[in-house]
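Visitor: The following block contains a protein sequence and its predicted model.
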Amino acid sequence: MGVQVDIEFPTIEFSPSYLKRGTDGWHCLCKRVREACETFGCFEVVYEKISAKAREETFGLMKELVEVPVERKQKNASPMPYHGWVGPCNQVSMLYEGFGLGDASNYDSVKSFAQLMWPDGHPHFCYGLGEKWESVMINYKTLVRFMKYMAPPPGEYERGLFAHTDKPVSTIICDDQISGLEIEVNGQWIKLSLSPSSFCFVVGDPLKAWSNGRLKAVNHRVMMSGDKGRYSIAAFAIPVEGTIIKAPKELIDEQHPQLYKDFDFMDFFLYAFSDPAKHIDSGEQLHAFASLSPPISN
Ligand SMILES: O=C(O)CCC(=O)C(=O)O
Ligand SMILES: [Fe+2]
């Protein structure tokens with residue numbers, strides 16, 4: 001991964017030999033993941049199992065998706081934040097466009113999304129997204145967002161997506177190798193350039209709360225320059241209804257008093273997109289919503 005300044009950004013290879021639970025390789029992988037999430041709140045995942053061809057086909061489909069008429073895009077609507085289509089607008093960015101596909105590991109939701117966008121059918125859209133992903137800790141559904149960022153006017157360096165911390169539990173981002181994603185490390189913005197077999201894993205606010213503040217929710221944004229548009233796909237972990245975000249007791253002691261009250265994920269998610277929260281910096285919303293002061297020791 002290319003970065004602008006001299007910071008060793010973690011790149012972690014998820015090779016099949018490390019993915020066998022309980023083995024030495026797996027423990028070593030877990031440790032690296034934890035350290036990366038504690039230090040940076042994100043890391044580069046190198047995962048060769050998804051072929052270059054599958055990626056190429058997916059971004060090809062996205063190019064078709066952004067071409068569908070706007071009346072159809074508007075049908076991808078949802079009362080839930082993050083879940084529907086957002087076109088270029090001042091609140092987000094005039095360069096941004098994003099589609100939401102809720103419960104993307106469920107074949108029927110992928111099919112109904114495809115039917116909305118292509119009422120006469122699409123020969124390929126449903127392949128590949130229908131696999132069930134298991135979660136260890138929090139039972140969640142996967143929300144996929146397909147995003148396009150337009151190139152800025154010649155010579156400009158413009159915002160594609162404002163600086164924020166993620167409100168879902170976690171995010172996995174994949175792009176078409178046009179860089180734009182930047183993370184904030186010690187007050188400096190670092191541009192990431194993902195390799196053709198990489199993804200970026202990002203810790204969201206609820207995961208920070210679950211870990212009693214040990215994991216970092218990284219501030220990130222998209223800035224566009226050059227003459228090419230950028231396509232990206234984000235897979236967000238959205239806990240199922242009624243999920244309470246609660247730090248396990250093993251993570252609370254005298255040195256690490258409980259920082260946040262237990263809360264219902266959906267209450268926080270809706271709060272983060274409510275009018276009162278709009279005036280609070282994205283990275284401060286978790287604190288405003290759930291901080292216990294003073295913190296409580298176990
Ligand atoms: O498009 C990207 O690379 C980042 C998207 C993102 O941060 C988000 O949608 O929360
Ligand atoms: Fe994000």
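Guide: Perfect, I can see it now. Ligands and ions are numbered 1, 2, ... in the order given.
Visitor: Write down the beta-bridge partners of the residue of the stretch 51-200 of the chain found nearest ligand 1, one by one.
Guide: Nearest residue of the stretch 51-200 of the chain to ligand 1, counting by CB to the nearest ligand atom: residue 181, 3.9 Å away. (Each C-beta comes from the backbone N, C-alpha and C, glycine too.) On the basis of DSSP bridges, residue 181 is bridged to residue 222.
Visitor: Show me what counts as buried in stretch 92-109.
Guide: Residues of stretch 92-109 classed as buried: 92-93, 95-106, 109 (neighbour count, 16 or more other CB atoms under 10 Å).
Visitor: Okay, and which of these map to helices?
Guide: Within these, residues falling in helices by DSSP state H are residue 109.
Visitor: Pull the most distant pair out of the buried residues of stretch 92-109.
Guide: For the buried residues of stretch 92-109, the farthest-apart pair by CB to CB is 95 and 106; their separation is 30.9 Å.
Visitor: Please report how far residue 206 lies from residue 166.
Guide: Shown here: residue 206 relative to residue 166, a distance of 9 Å by CB to CB, to the nearest Å.
Visitor: Run through the strands of the stretch 1-150 of the chain in chain order.
Guide: Per DSSP state E, counting those that start in this stretch, the stretch 1-150 of the chain carries strands over the ranges 11-13, 42-46, 96-101, 140-149.
Visitor: Show me what the shortest one is in contact with.
Guide: The list of residues contacting strand 11-13 from outside it, by CB atoms under 8 Å, 6 or more residues apart in numbering, reads 1, 29, 32, 33, 36, 43, 44, 45, 46, 47, 198.
Visitor: which of these has the most neighbours?
Guide: residue 43 (24 neighbours; other CB atoms under 10 Å).
Visitor: contacting residues for that residue?
Guide: Counted by CB under 8 Å, 6+ apart, residue 43 has contacts 9, 10, 11, 12, 33, 36, 37, 200, 201.
Visitor: doesn't residue 236 make contact with residue 147?
Guide: No: using CB atoms under 8 Å, residue 147 makes no contact with residue 236, being 11.8 Å away.
Visitor: ok so, going back, I'd say the residue of the stretch 51-200 of the chain closest to ligand 1 and residue 219 touch.
Guide: No: under the criterion of CB under 8 Å, residue 181 makes no contact with residue 219, lying 11.9 Å away.
Visitor: Could you export stretch 283-296 as CSV, CA atoms only?
Guide: The C-alpha coordinates for stretch 283-296 follow below in CSV (Å, rounded to 0.1, in the frame of the first residue of the first chain):
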residue,chain,number,x,y,z
GLY,A,283,-15.6,11.4,15.7
GLU,A,284,-17.3,12.9,18.8
GLN,A,285,-20.8,11.4,18.3
LEU,A,286,-20.1,8.2,20.1
HIS,A,287,-18.8,10.2,23.1
ALA,A,288,-21.8,12.5,23.0
PHE,A,289,-24.2,9.6,22.8
ALA,A,290,-22.8,7.0,25.2
SER,A,291,-19.9,8.2,27.3
LEU,A,292,-20.1,7.5,31.1
SER,A,293,-18.6,10.2,33.1
PRO,A,294,-17.0,9.4,35.3
PRO,A,295,-16.1,6.0,33.8
ILE,A,296,-17.1,3.0,36.0
